[in-house]
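S.K.: pasting the structure only:
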């Protein structure tokens, strides 16, 4: 097995140019586990599958796993349950699934590998048998324009119960990759394909640089025989028992660190000294227990202008211990009001000077922070605030709220941006377990707020947020697309994806569907949205995850909205869809 960074180091030394493709399987390669499994469990949890569907799903999956049914048969069995279901309901369900389950499954190592290929100017594409509904939010997050996949047939905005042949599975992946290569003049003999499964052996053999990633046992054996470099990631998926112990003890160290400071309070009568001791101790102990190391630049900026307002981007629950280790003393903070109700921990944070606010009520949240002005002016304390207001699903910066900027302006103190690059490697949003990682942190120079005014506050928010974007190598355009996708009823339309099917590669007829523009949508038309098929071992569960409200009344907000039919369309046949990024008119920060 190759070392942890072998694939990445190879890419960093590789030739540049768009003629080189970097093709990635999805399930097990870009994300840990199977997205279809997440879809199935989500549908079961919502009680949106009938007993008949559950039994049929189990039966078909059993037949497929025993080899008595092929992938095509699996997809055919799945498609019959989707007849009459609106396609939009699946786009919406896919977005919810991404936010709840899939985003936290993205391997940070795969993200870094994809970014390295993009930095080389390579043409990056996902080649998967999973559906576009499962893949698209992740492709958007990773800035991958091309998605090659199987599809269900769609007519007048609804699934017909049929599939588009050939499927993007086995030889079908080769057909789709060759079509992409023909269209974009790619040299597959100089290109890469990353996959975890022997099911992809045809495409692995077709490219010049097959790269098994998290390979199953059969692919591992073949790769060793042929001398293909192997690599396995362990930063996502089921954690080890030691990782759970690390997480529990690190979380509990907030309380034990506070208790350790009580003798100082009792003997000196200084709550402030006790709190300072406990804060630094918590940061040191929690990071040590979880195996988190900090690679810090600009550390001098933490101390040259106190008191101040420290603002940091919020990716992970690990941010709390990272900030404690950095700022160490004479500091207060802000947290969502729900934390206050956490047994013991909420009380400890309150005694340490944390102010709890209702994130949904911006006006009252600013009012609730007024005591912090005295803490700054009278007590000389600095304040830590995450201006995004909540953790983001990925390293991409979200919109900034204005509370921290009002506070800095009213208190008349500088603002110090703390850019945390990859705390999500430790624990992404919605993930309990924390894993060891080296987290890169940049402390930027203090920002003078002495001339700030309410009338120019939007500009100052955009300026500071721009500093984060620059440090992280991000652009407003990328962030705007993500935000549009979260709010529009058809997230797929916020950013188009180049979608190629094996059927389209075979030269079958294509059509163009014209879809009426919805509120929040930035696109008016889209090429035939022949939705992709399902994943290797989970094709049936893909299809089974249809929102039941499309056919019958349901309490699901997703399916209620999606059950509406789009305007009349032609039957969706095999197609090649060229999609473009939605136009960005102004930075997201200016909307706050």
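M.R.: That came through, no problem. Worth saying up front: this structure is predicted, and the values here are computed from it rather than measured. Numbers count the residues shown, from 1 in each chain.

S.K.: what separates residue 335 from residue 414, distance-wise?
M.R.: 23 Å (Cβ to Cβ, to the nearest Å). From N, CA and C alone the C-beta is placed, and that goes for glycine too.

S.K.: tell me which helix or strand of this protein sits lowest on mean pLDDT?
M.R.: Least confident helix or strand, the chain: strand 513-514 with a mean of 26, by mean pLDDT, DSSP states H and E.

S.K.: poorly predicted segments of the stretch 201-350 of the chain, please.
M.R.: Low-confidence segments of the stretch 201-350 of the chain, defined by pLDDT under 70, span residues 337-347.

S.K.: would you map the strands across it?
M.R.: 209-212, 292-297, 309-312, 331-336 (DSSP state E, counting those that start in this stretch).

S.K.: quick one: strands adjacent to the second one?
M.R.: I take that to be strand 292-297. Partners of strand 292-297 in the sheet, by DSSP bridges, are strand 437-443 (parallel).

S.K.: next, the angle from whichever helix or strand comes after the partner strand to strand 437-443.
M.R.: Later in the chain than strand 437-443, the nearest helix or strand by DSSP states H and E is helix 457-472. Orientation of helix 457-472 against strand 437-443 (axes from the mean of the first three to the mean of the last three Cα atoms, to 10 degrees) gives an angle of 140 degrees.

S.K.: buried residues in helix 457-472?
M.R.: Of all the residues in helix 457-472, those buried under the rule 16 or more other Cβ atoms under 10 Å are 458, 460, 461, 462, 464, 465, 467, 468, 469, 471, 472.

S.K.: and these, which is closest to residue 78?
M.R.: For the buried residues of helix 457-472, the residue nearest residue 78 by Cβ to Cβ is residue 472; the value is 39.6 Å.

S.K.: pretty sure that closest one contacts residue 394?
M.R.: No - the criterion here is Cβ atoms under 8 Å, and residue 472 misses it with residue 394 at 11.0 Å.

S.K.: distance check, the nearest residue in space to residue 214 that is not next to it in sequence against residue 218.
M.R.: Spatially, and ignoring its direct neighbours in sequence, residue 214 is nearest to residue 196 (4.5 Å; Cβ to Cβ, 6 or more residues apart in numbering). Computed as Cβ to Cβ, the residue 196 to residue 218 distance reads 11 Å.

S.K.: cool, and residue 290?
M.R.: Here residue 290 is placed at a distance of 35 Å from residue 218 (Cβ to Cβ).

S.K.: more neighbours, those two?
M.R.: Remark: of residue 290 and residue 218, residue 290 carries more neighbours, 24 against 12, as counted by other Cβ atoms under 10 Å.

S.K.: so where's the stretch 451-592 of the chain shaky on pLDDT?
M.R.: For the stretch 451-592 of the chain, the ranges with pLDDT under 70 are 477-592.

S.K.: swap in 50 and give it another go.
M.R.: Scanning the stretch 451-592 of the chain for pLDDT under 50 picks out 484, 487-496, 509-592.

S.K.: how about the closest residue to residue 270 other than its chain neighbours, what does it touch?
M.R.: The shortest distance from residue 270 to any non-neighbouring residue, by Cβ to Cβ, 6+ apart, is to residue 264 (7.2 Å). Residues in contact with residue 264 (Cβ atoms under 8 Å, 6 or more residues apart in numbering) are 270, 273, 274, 277.
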